[in-house]
Structures are given as C-alpha cells and as structure tokens.
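Peer 1: here is my input; please provide its structure:
(chains A and B)
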Amino acid sequence: RKEVEQDPGPFNVPEGATVAFNCTYSNSASQSFFWYRQDCRKEPKLLMSVYSSGNEDGRFTAQLNRASQYISLLIRDSKLSDSATYLCVVNRAGNTPLVFGKGTRLSVIA
Amino acid sequence: DAGVIQSPRHEVTEMGQEVTLRCKPISGHNSLFWYRQTMMRGLELLIYFNNNVPIDDSGMPEDRFSAKMPNASFSTLKIQPSEPRDSAVYFCASSSSDKISGNTIYFGEGSWLTVV
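Peer 2: From the prediction side, this is the model:
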C-alpha cells in the first residue's frame, strides 16, 4: 500500500463549480500535511498547509482528520486557472523528507 | 533571488550512455533532495543530503544511480549506464530549515530525461 493515496482523476468540472479532493495516509505518526499544486510540465509548488482545525485560504479549504488519516481539499467557485494536478503531501515524524501522493488532476472547463 | 537551478533542462540520450544531472540549491539551504517523477509512480524521493552528507539513499533504484554533493552549492545525480525505464523528470529541491517541512522546501524546474 502506498503511504499517501489519492484518486488520480481527472476531475472535469465547469467554471464556478465546487470540487473536493481526498487523500489518505498510512503512517499514523505523520506530523504535518500539505497540498501542493503542479502545473503541466512545471515543478510542484506549495498551495497550503493543512491544520487539524481546518484552514481556509480564499476559495481553498483544507481539512485534516487524524483519526481517519484523511486529508481533503475543497475548491469553491472554480476558475480556469485552477486546472492543475493537486498533490497531497505528508511529513513523517521527525526530520524526514516529504512523501508525495501521485496527485489528482483537475480540469476546469469554460 | 535565484531559486534551485537544475541542468540540463532536457536531455535525450541513447541507452547505455552516462547521464549526469546537476543541481545548485538555494544559497544558505542545508538540505538537498533528489526526486524522480513518472506517470506510473508519481514523485519519489531518491536521496537526500543534509549539510552535504547523504542521509538516506534508500530510494535510489539500483547501483546504476549515484549522487554526490561535493559542496554546499552543488550536487550531481549520475546514471550509468542509462536505460529506457529511467526516462522521467528528475527534480532537485532544497530546504533551509533543519526541520524539513512542506513550507520550507523549494523545487527546481526539473530535468526531463528521455532514454531511447
């Protein structure tokens, strides 16, 4: 079983739609969590951190459920520019490198 | 400020040839990571260095792969001999913090390798 699992998609949604991505992780000792965005033929870039209490950044809301080892990302009012691959990222316990999910591809259609 | 700089950006080589990928981390960063990305396997960590010392190379696929960091501003990933299954995007990333975290790591633009 992969340490971080995501639905690969693609999710094809119209502009203005709300879309949600889910991610599960297997290492219960994981300490910190992130969503990264990767545009086609570009490097991954941090979108937002994920906190236990849930957090929001504009149209983006991230949630963490430690008991279920589940992370989510909600995008409201989708824009064409949101089209990208969204990577779920986990930091294991201690000072160790990030572990990436394979990503969920989103296409927002006009 | 310059980000993580990788070269070459694109390389096409024949099976059996040696490939050397290069990375210059952000100045002052003390951790450096080599990741490989493919459609099938996603983004996988190959090796990482802290203060120029290899800490974990368990992700290196096999003996054909080797990585070095001779100083704080330069690292290489070498594949010898290369095989078609090595075709992938190789990302270098660096981090400034002694506590590696998703909000302290920065990626280069990647080296796109095709082995024919």
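
Peer 1: excluding sequence neighbours, find me the nearest residue to the residue nearest to the spatial centre of chain B.
Peer 2: For chain B, B:Trp34 is the residue whose C-alpha lies nearest the centre (C-alpha atoms, centre = their mean; 3.0 Å). The spatial neighbour of B:Trp34 that comes closest, neighbours along the chain excluded (C-beta to C-beta, 6 or more residues apart in numbering or on different chains), is B:Leu46 at 4.4 Å. C-beta coordinates here come from the backbone N, C-alpha and C atoms, glycine included.

Peer 1: what is the burial count for the one you found?
Peer 2: The burial count assigned to B:Leu46 is 19, neighbours taken as other C-beta atoms under 10 Å in any protein chain shown.

Peer 1: now do the one 10 residues further on
Peer 2: Per other C-beta under 10 Å, the neighbour tally for B:Asp56 reads 15.

Peer 1: what helix or strand is the closest residue to it other than its chain neighbours located in?
Peer 2: Excluding the flanking residues, the one nearest B:Asp56 by C-beta to C-beta, 6+ apart is B:Tyr48, at 5.8 Å. Taking DSSP states H and E as the definition, one finds B:Tyr48 inside strand B:42-50.

Peer 1: what packs against that strand?
Peer 2: Taking 3 or more C-beta pairs under 8 Å, 6 or more residues apart in numbering or on different chains; DSSP states H and E as the contact definition, the neighbouring helices and strands of strand B:42-50 are strand A:98-100, strand B:31-38, strand B:53-56, strand B:65-71, strand B:74-79.

Peer 1: out of those, nearest to A:Ala67?
Peer 2: When the helices and strands packed on strand B:42-50 are compared by C-beta to C-beta, strand A:98-100 sits nearest A:Ala67, at 19.8 Å.

Peer 1: OK, contacts around the residue nearest to B:Asp56?
Peer 2: For B:Tyr48, the contacting residues are A:97, B:31-34, B:54-56, taking C-beta atoms under 8 Å, 6 or more residues apart in numbering or on different chains as the criterion.

Peer 1: likewise B:Gly42?
Peer 2: Applying C-beta under 8 Å, 6+ apart, we find B:Gly42 in contact with A:100-103.

Peer 1: what of B:Cys92?
Peer 2: For B:Cys92, the contact set (C-beta under 8 Å, 6+ apart) comprises B:4, B:6, B:21, B:23, B:25, B:32-35, B:75, B:77, B:107-108, B:111.

Peer 1: residue ranges with poor pLDDT in chain A?
Peer 2: Within chain A, the segments meeting pLDDT under 70 span A:93-95.

Peer 1: for it, what lies in contact range of chain B?
Peer 2: Where chain A comes near chain B, counting by C-beta under 8 Å from any C-beta of the partner chain, the residues are A:32-34, A:36, A:42-46, A:49, A:87, A:89, A:91, A:95-103.

Peer 1: need the buried ones from these selected in PyMOL.
Peer 2: Command for PyMOL that selects the buried part of the residues of chain A next to chain B, burial taken from 16 or more other C-beta atoms under 10 Å in any protein chain shown:
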select buried, chain A and resi 32+33+34+36+43+44+46+49+87+89+91+97+98+99+100+101+102+103
